[in-house]
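Undergrad: give me the fold of what follows.
(one chain, ligands or ions: 1)
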Amino acid sequence: MQGDFALHHRVFFRLGIESVPVKVPSDLDSIDGLVIPGGESTTLSLLINSFELREPLINFGKDHPVMGICAGLIMMAKEVPDERVQPFGFLNITVDRNAYGRQIESSTEMVKYHFNSNTEIELATTLIRAPKISEMGDDIQVLGEFNGSPVAVISGHHLGLSFHPELDEIDIFHQILFDPSSKYYTKKSNQVYAT
Ligand code: GLN
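TA: As a prediction, this is how the structure comes out:
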């Protein structure tokens, strides 16, 4: 309903995974997992309430994979110190909005990610008015960090990213969402594949 959802459809197309937009509660009946795209978390909170999606989304997240990207990460959090945002609490984290600076301070950094103990992969990491994870519970696993702050976290079947992998045609996080048990990754040109 908001944000750069079109690029996420493209990622799923490349992975051979069918994807549909979610706008009303019944759209959740036919899907196995959900991406909450980047956009604006205050607007997302308003739209989720006015489309009566709050309870259905919270129930969906209990037993399905959900990945939150940027504004979506904010929606995944337990605590957001901004009363205009009503997050779902899927990830045991506190998230500060816009903590990397304003739009003009947006940047693409190279960040090293560890998907398992013996694989390190450097990926483009585009931060756009990005949120910062300021606190997290013991169950949260950090996949990558930039300047000492986590930018990719996972807990059970929930993933949260401060950045936008879809802008750099990075598909691995969408792949992990549907196959968290993938252990080995190979790198082909600037793409990363689970094998
Ligand atoms: N700053 C936005 C927010 O607080 C997030 C920006 C983004 O999704 N790129 O919701």
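
Undergrad: mind listing the helices for the chain?
TA: With DSSP state H as the criterion, the chain has helices at 5-15, 41-50, 54-63, 71-76, 172-178.

Undergrad: quick check: residues of the chain near the ligand?
TA: By Cβ under 6 Å from any ligand atom, the residues of the chain that approach the ligand are 38-41, 70-71, 74, 97-98, 128-129. Bear in mind the C-beta positions are built from the backbone N, C-alpha and C, glycine included.

Undergrad: what about 8 Å?
TA: Residues of the chain lying near the ligand by Cβ under 8 Å from any ligand atom: 3, 37-44, 69-72, 74, 82, 85, 97-98, 128-131, 164.

Undergrad: now list the buried members of the residues you listed.
TA: 3, 37-42, 44, 69-72, 74, 85, 97-98, 128-131, 164 (16 or more other Cβ atoms under 10 Å).

Undergrad: what sits up against stretch 138-151?
TA: 91-93, 109, 111-115, 123, 125, 127, 130, 132-134, 136, 152-156, 161-163 (Cβ atoms under 8 Å, 6 or more residues apart in numbering).

Undergrad: please pick the buried ones from the residues you listed.
TA: 91-93, 111, 113, 115, 123, 125, 127, 130, 132-133, 136, 152-155, 161-163.

Undergrad: just those residues: which are in strands?
TA: 93, 111, 113, 115, 123, 125, 127, 132-133, 136, 152-155, 161 (DSSP state E).

Undergrad: looking at the residues you listed, which is nearest residue 20?
TA: residue 161 (21.2 Å; Cβ to Cβ).

Undergrad: for the closest one, give its distance to the ligand.
TA: Distance of residue 161 to the ligand, computed by Cβ to the nearest ligand atom, to the nearest Å: 10 Å.

Undergrad: and the closest residue to residue 99 other than its chain neighbours, bridged to which residues?
TA: The shortest distance from residue 99 to any non-neighbouring residue, by Cβ to Cβ, 6 or more residues apart in numbering, is to residue 132 (3.5 Å). Beta-bridge pairing of residue 132 under DSSP bridges involves residue 96.

Undergrad: quick one: mean pLDDT over stretch 160-167.
TA: The pLDDT scores in stretch 160-167 average 97.

Undergrad: what's the spacing between it and its chain's center?
TA: 6 Å (Cα atoms, centre = their mean, to the nearest Å).
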